[in-house]
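> here is a sequence with its predicted model. Questions after.
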Amino acid sequence: MQLYKNQNLRVHNSLSGKKEVFEPINEGYVGMYVCGPTVYSNVHLGNCRTFMSFDMIFRYLKHLGYKVRYVRNITDAGHLENDADEGEDKIAKKAKLEKIEPMEVVQRYTVDFHNTLQKFNLQPPSIEPTATGHIIEQIGIIKEILDKGYAYEANGSVYFDVVKFNEQNEYGKLSGRKLEDMIANTRELTAQDEKKNPQDFALWKRAEPQHIMRWPSPWGDGFPGWHLECTAMSTKYLGEHFDIHGGGMDLKFPHHECEIAQAEASTGKTPVKYWLHANMLTLNGKKMSKSTGNNIYPAEIISGDNDILSKAYAPSVVRFFMMQAHYTSILDLSDDALQASEKGYQRLMEAMGNLDSLKTTDKSDFDVDTWQQNCYDAMNDDFNTPVLIAHLFDAVKHINLIKEDKEKITKEDKALLQNTLESFVYYVLGLEDQSAGKDDSKILTGVMELLISLRNQARANKDFDTSDKIRDELNALGVQIKDGKDGTTFTIN
RNA sequence: GGCAUCGUGGCCGAGUGGCUAGGCACAGCUCUGCAAAAGCUUGUACAGCGGUUCGAAUCCGCUCGAUGCCUCCA
């Protein structure tokens, strides 16, 4: 039987602002769309957090036994740099700066994006469509919206008529805005605006002669508006009504609001059952942002080559750090917080490593069944990874006690513990054991065994000068000797 | 200015109207030749001021503060 039949998952739906029982439209199947990156520069860590959050959600849904189709797009068509008519799309702008083809920019940063996510152990989505690969579909949707009367053409551009749409529908329901308020608060824009109303947004933009990225359309050469691709691709691969749409909080308005409007205008159906929004990662208390320069790149964290942090952190440590906060909470990145996470991560991984060699007996002091359900309860409560991790540390404590012969565990419980722990740590949280020394050679292991035996021999002979010298000098090299009940082990920091 | 979110012990970070998550740091103890590791124990925190309630960090109101969105951004 599939796990989801027993495990009652609840998710926080941004549309209602409440936690709702998760019931997919088609039992057993989940369609999930997440807004991907615009590939005009390297992904920064804040981007990664969002994708990591949805990776965890993807993994947990699959763990529960759902068949998940996860679609995450690549925005490679470029968006306008600003709202003015002379707006230049950011991919073309970057291409000009670097004197390369737009598609060369796209390729370079797509590759960087994939490499980076792979380092953080993100699973690839089921489909990763590109905006430029779906121009025809986007034009199709524009036609439908025009036919329904919710858009108008102006000088080769097509705009969505928000005011008209709002007469029969509710524009702003996702972000809690009212169109009247928005109109009242709008600053006067340029007078020669093609738009009927400042709230209207582009479905298609006429390409100026110098604009490189352009496609033919019924309205002349141009390029699609930036909200449209997600509607086109989510509809194509997941249908007109699908289960989950995710993205960063900053996309809630206007991007996701416009997606809802486009879909409702063209199909008459609301596109998404559950809207999930991942919150921002801040740096020094401010949102990470490409445009303001307040950001840190993943490569800089992993290499330690930056002015913000005191040292390098392994990708899994960063992932663990992020999983220690709920995906809907703002998380502030700092050196102290990362260091604390690193210590905790190492303790968790060490316990994982010790699990296999635990001795079993005929009774258990640890109620593994209850513990396991606690883990599921945490995840079922809107993917509460911090609480899950708290439970994982409960298991760590028991593992250490059993290792020291202070507690007992049966063979069955040990198997269940091991199985559950590995599922949650490696599979659901996507952590990898990246503690130093894990993949070191047999030679090192042999040398260490020799040193350890020499030291223990010296201790047996009460030659503490020698034994301490071995211990202290190894420690100075970053190799820590740990004396346990069943002998001595070592870790490399 | 409008909309929204948030303000938790030294730091990070969960949280349900009453049963004091967790991690890191700190201290004491156990263990140890001494340490380290591990285990145990302690810390009574919830921005401020009112209110509702038998009872609120958790509900309501106000004040202060922070952040996000309102223009591209995960």
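Structure's in. What do you need?

> what's the nearest residue in the stretch 251-400 of chain A when you look at RNA strand B?
Per CB to the nearest atom of the strand, the residue of the stretch 251-400 of chain A with the smallest distance to RNA strand B is residue A:344, at 2.4 Å. Quick note: C-beta positions are derived from backbone N, CA and C, even for glycine.

> any idea which helix or strand carries that residue?
Taking DSSP states H and E as the criterion, residue A:344 maps to helix A:335-355.

> confidence score at residue A:189?
Per-residue pLDDT puts residue A:189 at 49.

> who are the neighbours in contact with the residue of the stretch 251-400 of chain A closest to RNA strand B?
A:320, A:324, A:393 (CB atoms under 8 Å, 6 or more residues apart in numbering).

> likewise for residue A:263?
A:231, A:235, A:240, A:269, A:270, A:271.

> and the residue in the stretch 51-200 of chain A that RNA strand B sits nearest to, which of the three is it?
Shortest the stretch 51-200 of chain A-to-RNA strand B distance, computed as CB to the nearest atom of the strand: residue-wise this is residue A:176, at 3.8 Å. Each residue gets one of three states, and residue A:176 gets coil by DSSP: H, G, I helix; E, B strand; the rest coil.

> residues contacting it?
Applying CB under 8 Å, 6+ apart, one finds that residue A:176 lies in contact with residue A:17.

> isn't residue A:372 up against residue A:416?
Yes. Taking contacts as CB atoms under 8 Å, residue A:372 lies within contact range of residue A:416: 6.6 Å.

> looking at these two, which is more packed in?
Comparing residue A:372 with residue A:416 by neighbour count (other CB atoms under 10 Å), the higher total belongs to residue A:372, at 20 against 17.

> so residue A:482 belongs to a strand, correct?
Yes. Residue A:482: assigned to a strand according to three-state DSSP.

> look up which residues are beta-bridged to it.
Using DSSP bridges, the beta-bridge partners of residue A:482 come out as residue A:489.

> run a quick neighbour tally on it.
Residue neighbour count, defined by other CB under 10 Å, stands at 10 for residue A:482.

> for the residue lying closest to residue A:408 once chain neighbours are set aside, what are phi and psi?
If the residues on either side of it in the chain are set aside, residue A:408 comes closest to residue A:361, at 4.5 Å by CB to CB, 6 or more residues apart in numbering. Backbone geometry at residue A:361, expressed as degrees, to the nearest 10, gives phi -130, psi -160.

> residue A:361 contacts residue A:409, doesn't it?
Yes. Look at residue A:361 against residue A:409 with CB under 8 Å: they come within range, at 7.0 Å.

> counting neighbours, go ahead and name the busier of these two.
Using other CB under 10 Å, the more surrounded residue of residue A:361 and residue A:409 is residue A:409, with 23 against 14.

> next, the contact list for the more buried one, please.
In this structure, residue A:409 makes contact with A:358, A:360, A:361, A:364, A:365, A:366, A:368, A:398, A:402, A:417, judged by CB under 8 Å, 6+ apart.

> those residues, buried ones only, as a ChimeraX selection?
Selecting only the buried members of the contacts of residue A:409 in ChimeraX, with burial defined as 16 or more other CB atoms under 10 Å, works like this:
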select /A:358,364,366,368,398,402,417
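
> now for the residue in chain A that RNA strand B sits nearest to, how many residues are close by?
Going by CB to the nearest atom of the strand, RNA strand B is nearest to residue A:248 of chain A, at 1.7 Å. Here the neighbour count serves as a burial measure; for residue A:248 (other CB under 10 Å) it reads 23.

> strands of the stretch 1-150 of chain A, start to end?
Using DSSP state E, counting those that start in this stretch, the strands found in the stretch 1-150 of chain A span residues A:10-13, A:18-21, A:29-34, A:67-72.

> which of those has the lowest mean pLDDT?
Between those, the one with the least mean pLDDT is strand A:18-21; it has a mean of 88.

> kindly report the residues of the stretch 201-350 of chain A close to RNA strand B.
Applying the criterion CB under 7 Å from any atom of the strand, the portion of the stretch 201-350 of chain A that neighbours RNA strand B consists of A:226, A:247-255, A:278, A:280-282, A:285-291, A:324-326, A:329-332, A:334, A:336-337, A:339-341, A:343-344, A:347, A:350.

> from those, which ones fall inside strands?
Residues from these lying in strands, with DSSP state E as the criterion: A:247, A:248, A:278, A:281, A:282, A:286, A:287, A:331, A:332.

> turn these into a markdown table, including distance to residue A:492 and pLDDT.
Formatted as a markdown table, the entries for these read as follows, by distance: CB to CB, whole Å; pLDDT from 0 to 100:
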| residue | distance to residue A:492 | pLDDT |
| --- | --- | --- |
| A:247 | 40 | 94 |
| A:248 | 37 | 93 |
| A:278 | 34 | 94 |
| A:281 | 29 | 91 |
| A:282 | 32 | 89 |
| A:286 | 36 | 81 |
| A:287 | 36 | 80 |
| A:331 | 29 | 92 |
| A:332 | 30 | 90 |
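
> from the residues you listed, keep the buried residues only.
With burial judged by 16+ other CB under 10 Å, the buried subset of these is A:247, A:248, A:278, A:281, A:282, A:287, A:331.

> and the closest residue to the last one other than its chain neighbours, how close does it get to residue A:278?
Counting by CB to CB, 6+ apart, residue A:325 is the residue found nearest to residue A:331 once chain neighbours are left out, at 4.3 Å. Separation of residue A:325 from residue A:278 (CB to CB, to the nearest Å): 11 Å.

> do the same with residue A:362
Residue A:362 sits 46 Å away from residue A:278 when distances are taken as CB to CB.

> over to residue A:239?
Distance of residue A:239 to residue A:278, computed by CB to CB: 23 Å.

> for residue A:480, same thing?
Taking CB to CB as the criterion, residue A:480 is separated from residue A:278 by 37 Å.

> so what pLDDT did residue A:80 get?
Turning to residue A:80, the model gives it a pLDDT of 55.
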